[in-house]
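Undergrad: Kindly return the folded structure for what I paste below:
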Amino acid sequence: MIYEQPPHSKDLRKGRYSQHNQTYLVTTVTYQRQKVFADFGLGRIVIQAMRRQHQQGNVQSLAFVLMPDHLNWLFTLQNDNILAEVMKHVKGSSSYLIQQNRRERGAIHLHQPLWQEGYHDRALRKEEDLQQIARYIVANPLRAELVDNIGNYPLWMRSGYRVR
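TA: Reported below is the predicted structural model:
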């Protein structure tokens, strides 16, 4: 019996195409699904990296939720930017700053990664209900029973940055 090798993350990126004004739903997870962002201070570092992409005009953020072990982010790609570059900047800059913070506190081994390689992206069709998708994303903490009211969860946004 022949078993196929699982695809590598670089193989999953083959054929990806970034389109200006395309809305994407992106999910990326922490290395070994560690619950890094249960520390809300570390989560805010990721949000700042996303905010920089928004402020620089690379994306228009529509919604996100940063769960303890993953990020769901809904955004529209702007100004001929490339999805892979946006994600590289967010994951790279947040990883650098979080790892620096964790090392200063003696919390991790020097070479432990923050993010798992790659990410999952889905280009949304124009006819899809973005409001419904955004609501679904920000309701993740409710479904995971982390809070009873989404207003009590500090790492989310829908249609404008309102992070405590």
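
Undergrad: Where does the residue nearest in space to the middle of the chain sit: helix, strand or coil?
TA: Central residue of the chain (CA atoms, centre = their mean): L71, 3.5 Å from the mean position. The three-state label given to L71 by DSSP: H, G, I helix; E, B strand; the rest coil is strand.

Undergrad: Give me the pLDDT value at it.
TA: With respect to pLDDT, L71 scores 98.

Undergrad: right, and it touches G43 too?
TA: No. L71 is beyond contact range of G43, at 9.1 Å (criterion: CB atoms under 8 Å). Every residue, glycine included, has its C-beta placed from N, CA and C.

Undergrad: Quick one: list the elements packing against the top helix by length along the chain.
TA: Longest among the helix segments of the chain by residue count, using DSSP state H, is helix 83-104. Applying 3 or more CB pairs under 8 Å, 6 or more residues apart in numbering; DSSP states H and E, one finds that helix 83-104 contacts strand 23-29, helix 40-55, strand 70-77.

Undergrad: Tabulate those in CSV, adding columns for distance to A84.
TA: As requested, the helices and strands packed on helix 83-104 are arranged in CSV below (distance: least, CB to CB, whole Å):
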stretch, distance to A84
strand 23-29, 11
helix 40-55, 13
strand 70-77, 11
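
Undergrad: which one of those has the most crowded surroundings?
TA: strand 70-77 (a mean of 22; mean count of other CB atoms under 10 Å).

Undergrad: So what are the sheet partners of that one and their directions?
TA: Strands that pair with strand 70-77, judged by DSSP bridges, come out as strand 23-29 (antiparallel), strand 59-66 (antiparallel).

Undergrad: who wins for proximity to N81 among those strands?
TA: Across the strands paired with strand 70-77, N81 has its closest neighbour in strand 59-66 (7.1 Å, CB to CB).

Undergrad: just how off-centre is that closest one within its chain?
TA: 8 Å (CA atoms, centre = their mean, to the nearest Å).

Undergrad: what angle separates that strand from helix 40-55?
TA: Relative orientation of strand 59-66 versus helix 40-55 (axes from the mean of the first three to the mean of the last three CA atoms, to 10 degrees): 160 degrees.

Undergrad: Quick one, which of the helices and strands packed on helix 83-104 gets closest to H120.
TA: Of all these, it is strand 23-29 that lies closest to H120, at 4.6 Å by CB to CB.

Undergrad: Could you export that closest one as PDB, CA atoms only?
TA: Output of strand 23-29 as PDB, limited to C-alpha atoms (Å, rounded to 0.1, in the frame of the first residue of the first chain):
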ATOM      1  CA  THR A  23     -11.900  40.200   0.700                       C
ATOM      2  CA  TYR A  24     -10.200  37.300   2.500                       C
ATOM      3  CA  LEU A  25     -10.900  35.300   5.600                       C
ATOM      4  CA  VAL A  26      -7.500  34.200   7.000                       C
ATOM      5  CA  THR A  27      -6.900  31.800   9.800                       C
ATOM      6  CA  THR A  28      -3.500  31.200  11.300                       C
ATOM      7  CA  VAL A  29      -2.600  29.200  14.400                       C
END
